[in-house]
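Q: dropping the sequence and predicted coords here.
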Amino acid sequence: MSEDRFDRLERLLERMDNSGVSEFVRLSQNTGKILWLNFLSGIARGLGFTVGTAIVLAVMYKAIAELISMNIPYLTEMLTNFIDMIQLHMTK
């Protein structure tokens, strides 16, 4: 019975070693490294958000410009009014 428990304990320790728990504990004790990693991840998220927003807005601009150039009566008037409103708010 004792040999079985010893084997199970060894397997558990091996699993914990493979799971990276020791690296996590070591990292959690180093406050400076945690702050640095969080700072870098915040910069990456902000940059990703900015680039993603720019891409989405560029695609929307191209789509709206294409719809306006089709000269569909009601839709063109509505989009033109929308663009005028945006330009008005940007100048304020």
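A: Cool, the structure landed.
Q: and the average pLDDT for the helix or strand containing A54 is what?
A: Taking DSSP states H and E as the criterion, A54 maps to helix 31-69. Confidence over helix 31-69 (mean pLDDT, whole number) is 92.
Q: for whichever helix or strand comes after that helix, name the packing helices and strands.
A: Using DSSP H and E, the helix or strand that directly follows helix 31-69 along the chain is helix 73-91. Judged by 3 or more C-beta pairs under 8 Å, 6 or more residues apart in numbering; DSSP states H and E, helix 73-91 is in contact with helix 31-69. Yep, even glycine has a C-beta here, placed from its N, CA and C like the rest.
Q: quick one: the helix holding A54 to helix 73-91, angle?
A: 140 degrees (axes from the mean of the first three to the mean of the last three C-alpha atoms, to 10 degrees).
Q: list the buried residues in helix 31-69.
A: I68 (16 or more other C-beta atoms under 10 Å).
Q: identify each buried residue in stretch 21-29, please.
A: Of the residues in stretch 21-29, none is buried (16+ other C-beta under 10 Å).
Q: before we move on, the earlier item: what helices or strands is the helix holding A54 leaning on?
A: Counting by 3+ C-beta pairs under 8 Å, 6+ apart, the packing neighbours recorded for helix 31-69 are helix 21-28, helix 73-91.
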